[in-house]
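Engineer: 3D, please:
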Amino acid sequence: MFLCFYTVNVAGNLLIIVTVMSSRHLNTPMYFFLRYLSFVDICYSSVTAPKMMADFLAENKTISFAGCVAQLFGVHFFGCTEIFILTTMAYDRYTAICRPLHYTALMNRRACGHMVAVSWLGGCMHSTVQTLLTAQLPFCGPSEVDHYFCDVHPLLRLACTDTYTIRVIVIANSGMISLSSFFILVASYVVILVSLRSHTSEGRRKALSTCGSHITVVVLFFGPCTFTYIRPSSNLSEDKFVALFYTIIAPMLNPLIYTLRNQEVKSAMRKLWGRRVGSKKGKA
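Structural biologist: Numbering: from 1, shown residues only. From the prediction side, this is the model:
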């Protein structure tokens, strides 16, 4: 089942990346960010899913300390980067709908590149803080991680020292990023919905179609992340189930959400695969 989930995730997100890169009609900032979101989704799931599936088949489910630290860094790096890219996409929708005359100047190629670079840098800084705080703790046993991947809360429980201060810093760090990004997203869409009252019915329908996909992705990703990281962890079994959703299920659903609700992407995919099938028949 999880192999199926992971295959759909990788195939679906790769399809979006190839489609956006191959289509001239999708050469806009929204699809520029969507391409990077799909790439981050592949990386995010790849940090945890292959190891989890290997453990299903292994009698001794072990991971080295270096591998555990690397997994911890990767989960927070790609997860935080995805949060920032989703926030950037909300700003793109706000600019396109509320400030259409300034859209080309504000969202030029250089500005979009800088936004993506800042998203990657922000994810790296957040992940570095989380990893350094956790990796420097003394671990003297037991060494069984009560999770399907190495994360902050399960590892803090294994430390043989008082971790109260670090727990507060971890929650503050993750909570500040999650809540501030979430408030920016909510504020953006409140302004967008208010401004749509002055648009035509066709303009409202098109705007709500593109915004609806993004809002769905945001809810599916932010909800479980916020539940896990802005509160003290008291039930790891509950956390494992929630983490399964935002590391495996949500990245798999993102390509389906963006393709099923977006006529431009579906049309570009049909043209892309029609062109490929046609060229193969020509060669035959």
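
Engineer: list the helices and strands the biggest helix by length in the chain packs on?
Structural biologist: Identified as the longest helix of the chain according to DSSP state H is helix 65-98. For helix 65-98, the packing partners by 3 or more CB pairs under 8 Å, 6 or more residues apart in numbering; DSSP states H and E come out as helix 29-57, helix 103-106, helix 109-135, helix 152-158, helix 164-195, helix 201-229. (Each C-beta comes from the backbone N, C-alpha and C, glycine too.)

Engineer: give me that answer again for 6 Å
Structural biologist: Packed against helix 65-98 by the contact rule (3 or more CB pairs under 6 Å, 6 or more residues apart in numbering; DSSP states H and E) you find helix 29-57, helix 103-106, helix 109-135, helix 164-195, helix 201-229.

Engineer: any idea which of these is most buried?
Structural biologist: Neighbour counts (mean count of other CB atoms under 10 Å) averaged over each of those peak at helix 29-57, with a mean of 20.

Engineer: Compute the mean per-residue pLDDT across stretch 191-208, please.
Structural biologist: The average pLDDT within stretch 191-208 is 76.

Engineer: next one: stretch 95-106
Structural biologist: 87.

Engineer: ok, now stretch 33-40?
Structural biologist: Per-residue pLDDT values across stretch 33-40 average out to 93.

Engineer: Identify the residues contacting the residue nearest the centre of the chain.
Structural biologist: By CA atoms, centre = their mean, the chain has its centre lying nearest to Glu82, at 3.5 Å. If you count contacts by CB atoms under 6 Å, 6 or more residues apart in numbering, Glu82 has them with Val40.

Engineer: thinking Ser188 is in contact with Thr88, fair?
Structural biologist: No - at 10.5 Å, Ser188 does not count as touching Thr88 under the criterion of CB atoms under 6 Å.

Engineer: re the thing from before, now the longest helix of the chain: buried residues?
Structural biologist: 68-69, 71-97 (16 or more other CB atoms under 10 Å).

Engineer: what bits of the stretch 151-284 of the chain have low per-residue confidence?
Structural biologist: For the stretch 151-284 of the chain, the stretches flagged by pLDDT under 70 are 203, 231-236, 260-261, 273-284.

Engineer: if we go to 80?
Structural biologist: Applying pLDDT under 80 to the stretch 151-284 of the chain flags the ranges 175, 196-213, 226-239, 258-284.

Engineer: try the stretch 1-150 of the chain
Structural biologist: Scanning the stretch 1-150 of the chain for pLDDT under 80 picks out 24-25, 141-142.

Engineer: if we can go back for a sec, the helices and strands packed on helix 65-98: which one's closest to Pro251?
Structural biologist: helix 29-57 (3.8 Å; CB to CB).

Engineer: And the closest one, how far out from the chain middle?
Structural biologist: In terms of CA atoms, centre = their mean, to the nearest Å, the centre of helix 29-57 is found 8 Å from the chain centre.

Engineer: Distance check, Gln14 against His199.
Structural biologist: To be clear, residue 14 is Leu; Gln isn't right here. The gap separating Leu14 from His199 is 35 Å, by CB to CB, to the nearest Å.
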